[in-house]
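J.: My questions are about this predicted structure, shown below with the sequence.
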There are 4 protein chains.
Amino acid sequence: MPGNMIGIFFRVTTWGESHGPAVGAVVDGCPPGVDLDKSDIQQELDRRKPGARAFASPRKEEDRVEILSGTFEGKTTGTPIALLIHNRDSDSAAYDELRNVFRPGHGDFTYFKKYGIRDHRGGGRASGRETAARVAAGAVAKKIVSREGISVLAFTKEVGGVAAEKAPPGDMAENPLLCPDGKAAERMEKLLEEARKEGDTLGGIVEIVVKGCPPGLGEPVFDKIDADLAKALMGVGTVKGVEVGSGFEAARMTGSRHNDPLTPKGFATNNAGGVLGGITSGEDIVVRVACKPIPSIGKAQKTVDLSGKAVTISIKGRHDVCVIPRIIPVCEAMVSIVLADHLLRQRTNRGVFP
Amino acid sequence: MPGNMIGIFFRVTTWGESHGPAVGAVVDGCPPGVDLDKSDIQQELDRRKPGARAFASPRKEEDRVEILSGTFEGKTTGTPIALLIHNRDSDSAAYDELRNVFRPGHGDFTYFKKYGIRDHRGGGRASGRETAARVAAGAVAKKIVSREGISVLAFTKEVGGVAAEKAPPGDMAENPLLCPDGKAAERMEKLLEEARKEGDTLGGIVEIVVKGCPPGLGEPVFDKIDADLAKALMGVGTVKGVEVGSGFEAARMTGSRHNDPLTPKGFATNNAGGVLGGITSGEDIVVRVACKPIPSIGKAQKTVDLSGKAVTISIKGRHDVCVIPRIIPVCEAMVSIVLADHLLRQRTNRGVFP
Amino acid sequence: MPGNMIGIFFRVTTWGESHGPAVGAVVDGCPPGVDLDKSDIQQELDRRKPGARAFASPRKEEDRVEILSGTFEGKTTGTPIALLIHNRDSDSAAYDELRNVFRPGHGDFTYFKKYGIRDHRGGGRASGRETAARVAAGAVAKKIVSREGISVLAFTKEVGGVAAEKAPPGDMAENPLLCPDGKAAERMEKLLEEARKEGDTLGGIVEIVVKGCPPGLGEPVFDKIDADLAKALMGVGTVKGVEVGSGFEAARMTGSRHNDPLTPKGFATNNAGGVLGGITSGEDIVVRVACKPIPSIGKAQKTVDLSGKAVTISIKGRHDVCVIPRIIPVCEAMVSIVLADHLLRQRTNRGVFP
Amino acid sequence: MPGNMIGIFFRVTTWGESHGPAVGAVVDGCPPGVDLDKSDIQQELDRRKPGARAFASPRKEEDRVEILSGTFEGKTTGTPIALLIHNRDSDSAAYDELRNVFRPGHGDFTYFKKYGIRDHRGGGRASGRETAARVAAGAVAKKIVSREGISVLAFTKEVGGVAAEKAPPGDMAENPLLCPDGKAAERMEKLLEEARKEGDTLGGIVEIVVKGCPPGLGEPVFDKIDADLAKALMGVGTVKGVEVGSGFEAARMTGSRHNDPLTPKGFATNNAGGVLGGITSGEDIVVRVACKPIPSIGKAQKTVDLSGKAVTISIKGRHDVCVIPRIIPVCEAMVSIVLADHLLRQRTNRGVFP
């Protein structure tokens, strides 16, 4: 039954409900001697903070992280790192009318079917709030990953059918969508504004690019790096699809076009997205995730209550119009956690104690 | 480093190289009392057998499975089930000239970078041959799954850009591609024939549909059923993308359209693909995987050898033109393994020993 | 590297250092619907509290537990249960002089060798304080175990060479040592008083008896119930030996005497200690652990400092004279965690979904 | 339910029943580049072979191991190593009369209670025969361990109450009991001869000494090296107790006597048995296990059959009088597996990628 841990060597366990006292994570397996300060984690949390960007929920949360263990005088000690984020502004009363109703597109129905009991307030454990704990743990992973010269960058690739033509670095910092294509971003924002007015929401695509990753990460045959990335990303609530490199386009290509030729200077192309046989090749790892539109919409929806009776609901309260760009730091966190885990795994792989 | 096991409660470990003496699997965690005969496994193996269908490698293998442990008088005993398949027709000599060359699109380069040593014969552990062990183990999983009234059916959705318009049951049995749309299948076969003549290969898309799955399977937040399916399927060598339900199309939909309304008679639509909040809803689970074109092509390709020198290779020998439909039983096996694992996990979840 | 988790289905992760802000545990895998209140946990914590009994450290700690997640309206929800205990009265200054010295009998030397860095204050992670988190998590396990009609009772079997002749229920409640043999307890207390005066410490033996355990728990061949109990108990800092049933005496018995005859009314004897072939038999599970004397002694000791130079130390501060009886609730916690894990595992074992 | 795997980084899965076609093991996680030949494994198997020494079962088995995967041109490749040992001389008919009877002291009763089905022939999975697979896997572990300069040596410490006074190296090679004290060995042999005549069996104690182990192995707080050793050894069918260093004697010592003083030249004594805080200190690791007398005795015993009716049995067939010394290579195998696992784990622990 337990399913709240990810990683084998770099293990992250998250806990906490949207409207409980706190959410948090325990990071077990972080090597000793890593500089780690609360601010390393806080800056990542600030990126996913509600209200940090336009089109985001106005819920105001400080999201102040506390490090409760695992560091001493500013360095990790090799013991588990407990991270805690108190829930401050949780307005549970707004959810009272949803106590006995299953919201479409949410986990309400399935949690009830699985557990026979659920904390309905704000989605409980199924809430996007849980990702704050992932981002906090991911910040620790990022420290490890960046020490190896690896960067993990996610950005908005598509919103509401409008795709960015450019790749980073573009003018990402200048638009609230973290989209490298400023023109596309303008059109996306316009669509989002329209959706908001209609009480509706939009989906999108996030691309994650990992630069500087050494070859050799990934453990065939089941713990391939792309398999572990797919699991980590598909496990984010909003994600309905994951693809690596050429992804679904690969299905329409010939072998002669898809194969990336090797040359004395390296790979000539990167359809593989940095992964061959489940092991990193040293090229950029390129992954895209499809995010569904946020299911909490203002428009009237048909559903049923606990007794199975048909009801119509219109979801009020504070909700984002699009999960992008708040999901971007979550994607970076998940990818960083997988990479940290595999960097440690790969250590055990270099011949016998050379 | 170890990565050859999948599942927590229903654990499958595979082993074996393409040109070693055998491949096999150990299934640990199969409940006792399940009727299990060699023929249950053999019939699944026969479906993926080389030469079983057109467009497949003419390599002749008997692929006879042996059950070496875990059953007694025709029933499982709860102890580990060891499955063994000898490699009979492995022509290693054909690979001699590839000993020092990295084939594009294969794991040759990355295995060498990771391990510093590799069994180059037929791809060694990275060979598609390893999937025979998965299919054998998957046959055991299928027994468990089908006892629960669950069926797992995979079929060809797309080849070379030609998509099936219909869903099963169609005329799947009547075409070698296991495609429910006979007309589309004819066009696919024509494309495959052309590719074969050009010494090239084609990719495609497989869809897997799970019917009869009870609600409640899946363990948030990291071991969600869709996350585990994504891992299991992305871990198949040929797969570059995985999507559930609406998948990448979800990115272009509004919330009001994407949300599946609940009615007193059940869900009105199934954009979710049978999964909400990472837990099965009782609706059909629908998953699609994008398969890249097989990298072993007859056409000349540029690559490098171990010393980094540029060479041109043209791959001879026995290779499929398209991984479809031989990958279909592999997809069914992986999905069945994940479902068997989660069926057992869900057992621990029903209140306390009611 | 990570080693702070125990259990597969009922998973406990502990974190925290003796002189950090807090210690805690995350319990992942607790079934939903279990009544769980803070007081259930608090009463177990109160049993191991410093100063709760004679011969214990006078360190005053409230050890107030907080439940931060996983329950809703007094019941578990199946999501992870985060437990937090703040460290209140931690006098770090007392440890300043030990910053560069390895205390004999403690993990100071080995932690330094392993991690190259250590939180020296009070032993950091190696402190007995970490067991507070185990006891808190064990209290959740006890709830599960007791719902099955199973009781887990530990008591003092031996201190300083004085052995209890009787087994519980005796006059345990009436002596501070939780020893069922009042006469023996008196002699033990006398020895403890003498040791205290000499600035020395004493070891002892704890016996744990599990009553009401159904047959069938334990997973051969490596996760046998006795193997998991041995691991869980040997992992308590003070423990140097674990034995089941006849234990070391079995080495001196003949087969005809050791074998427990089965009769129509059950087993005639219980040399097996309730475990045969690694699986519970339904008889009482009987386990004994040997606890070494507490290494923090007032007497002068020879040791070395970080530079390898010989120094003499005499450990001041607040320390117990004997780890017994404070270790008793820890032993009960560890046994309960193992049993809860195996109760859940055994659920998956009952034929296929009967 | 699954319990047939041990290790996290160096993972061993065993399978097979006493009277099935074969027993075997899969070793996943062995680093690449290790010289490994069938003879490395065969020589360990030969040490535990039935009939290899006096007082052992006359069952004649060749126990020829086959390596089916994971090596290439005499070296490991980092992929899983499958080891197979066919069962040749299994006389199942001798067990027919035991089909419906629970043998005292064996797992017959508990396996039946757990699984509801059992392979009664020779104990099935619960047979000592399963340890052949452990020894085979352990031989791979030994290769890794010995490359690090670590030796693992087990010997007979006590049989039937007669204890060896000396420690190795003594005249171990010269007596069939692998006991370093020749005089004691003579008395042990005499006792064994008497027991054989009476149709009875004797227990004993094995001591395992690990020399050359570096400091730093072991992962607090649950995967301590002594905890993992205790689990691995208690999981051997015959073992009823495990102790480290001073073991149960520690319970009778004072802290001032038990603490091992550190000196500029190292530890002055080794009551800790090479482990402090669950981490190796660099001193010899010393572990002792108590082995119960073999339960298969010729003497008449009372028991019940499947229907619960009282019956009397006298076990014929080929059985050892004492599990020692055949258990010695098994103990060495289990300790080597744990050490190999922790050597690999410790690799991930040395600061961040220095």
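T.: Here it is on my side, so go on. Numbers count the residues shown, from 1 in each chain, chains lettered A, B, ... in the order given.

J.: Any part of the top helix by length along chain A near chain D?
T.: Ranked by residue count under DSSP state H, the longest helix found in chain A is helix A:327-347. Yes: applying C-beta under 8 Å from any C-beta of the partner chain, one finds helix A:327-347 touching chain D at A:343-345, A:347. Any C-beta I mention is one placed from the backbone N, CA and C, and that applies to glycine too.

J.: show me what contacts A:P180?
T.: With C-beta atoms under 8 Å, 6 or more residues apart in numbering or on different chains as the criterion, the residues that contact A:P180 are A:155, A:164, A:166-172.

J.: Repeat the analysis, applying 6 Å as the threshold.
T.: By C-beta atoms under 6 Å, 6 or more residues apart in numbering or on different chains, A:P180 lies in contact with A:155, A:164, A:166-168, A:170, A:172.

J.: of the residues you listed, closest to chain D?
T.: Comparing the contacts of A:P180 against chain D with C-beta to the nearest C-beta picks out A:P168 as the nearest, at 26.1 Å.

J.: ok, so what distance separates the nearest residue to that closest one once chain neighbours are set aside from chain C?
T.: Beyond its immediate neighbours in the sequence, the residue positioned closest to A:P168 (C-beta to C-beta, 6 or more residues apart in numbering or on different chains) is A:P180, lying 4.4 Å away. Plainly put, A:P180 is 37 Å away from chain C if you go by C-beta to the nearest C-beta, to the nearest Å.

J.: where does A:P180 land in three-state SS?
T.: Reducing the assignment at A:P180 to three states with DSSP: H, G, I helix; E, B strand; the rest coil gives coil.

J.: Let me see the contact set for A:F72.
T.: For A:F72, the set of contacting residues under the criterion of C-beta under 6 Å, 6+ apart consists of C:D119.

J.: meant to ask about A:N87
T.: When the contact criterion is C-beta under 6 Å, 6+ apart, the partners of A:N87 are A:A22.

J.: so what's the backbone phi/psi at it?
T.: Backbone dihedrals for A:N87, given as degrees, to the nearest 10, come out at phi -90, psi 120.

J.: which of the residues of helix A:327-347 next to chain D lies closest to D:S281?
T.: Taking C-beta to C-beta as the measure, A:R347 is the one of the residues of helix A:327-347 next to chain D closest to D:S281, at 23.5 Å.

J.: Show the contacting residues for whichever residue of the stretch 151-300 of chain A sits closest to chain B.
T.: For the stretch 151-300 of chain A, the nearest residue to chain B under the criterion C-beta to the nearest C-beta is A:G277, separated by 2.0 Å. With contacts defined as C-beta under 6 Å, 6+ apart, A:G277 is in contact with B:107, B:110, B:126.

J.: Closest one of those residues to chain C?
T.: Within the set of those, B:T110 lies nearest chain C; the separation is 24.8 Å, counting by C-beta to the nearest C-beta.

J.: surely that closest one meets A:G282?
T.: No: in terms of C-beta atoms under 6 Å, B:T110 does not count as a neighbour of A:G282; the distance is 8.5 Å.

J.: In terms of neighbours, single out the busier of the two.
T.: The residue with more neighbours, out of B:T110 and A:G282 and counting by other C-beta atoms under 10 Å in any protein chain shown, is B:T110; that gives 28 against 18.

J.: so the more buried one is in which element?
T.: Assigned by DSSP states H and E, B:T110 falls within helix B:108-115.

J.: Show me what from the stretch 101-250 of chain A comes close to chain D.
T.: Contacts of the stretch 101-250 of chain A with chain D, taken as C-beta under 6 Å from any C-beta of the partner chain, map to A:147-148.

J.: what does the stretch 101-250 of chain A have sitting close to chain B?
T.: Of all the residues in the stretch 101-250 of chain A, those lying near chain B are A:102, A:104-105, A:107, A:110, A:113-114, A:126, A:130, A:158, A:161, A:200-201, A:203-205, A:215-216, A:219-224, A:226-227, A:230-231, A:234-235, A:240-244, A:246-248, A:250, going by C-beta under 6 Å from any C-beta.

J.: Could I have the buried ones of those residues as ChimeraX selection syntax?
T.: Selecting only the buried members of these in ChimeraX, with burial defined as 16 or more other C-beta atoms under 10 Å in any protein chain shown, works like this:
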select /A:102,104,105,107,110,113,114,126,130,158,200,201,203,204,205,215,216,219,220,221,222,223,224,226,227,230,231,234,235,240,241,242,243,244,246,247,248,250
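
J.: circling back: now, which of the residues of helix A:327-347 next to chain D sits nearest B:A268?
T.: Sorting those by how near they are to B:A268, with C-beta to C-beta, puts A:R345 at the top with 44.7 Å.

J.: my read: that closest one touches A:R11, true?
T.: No: no contact is recorded between A:R345 and A:R11 when judged using C-beta under 6 Å, the distance being 11.9 Å.
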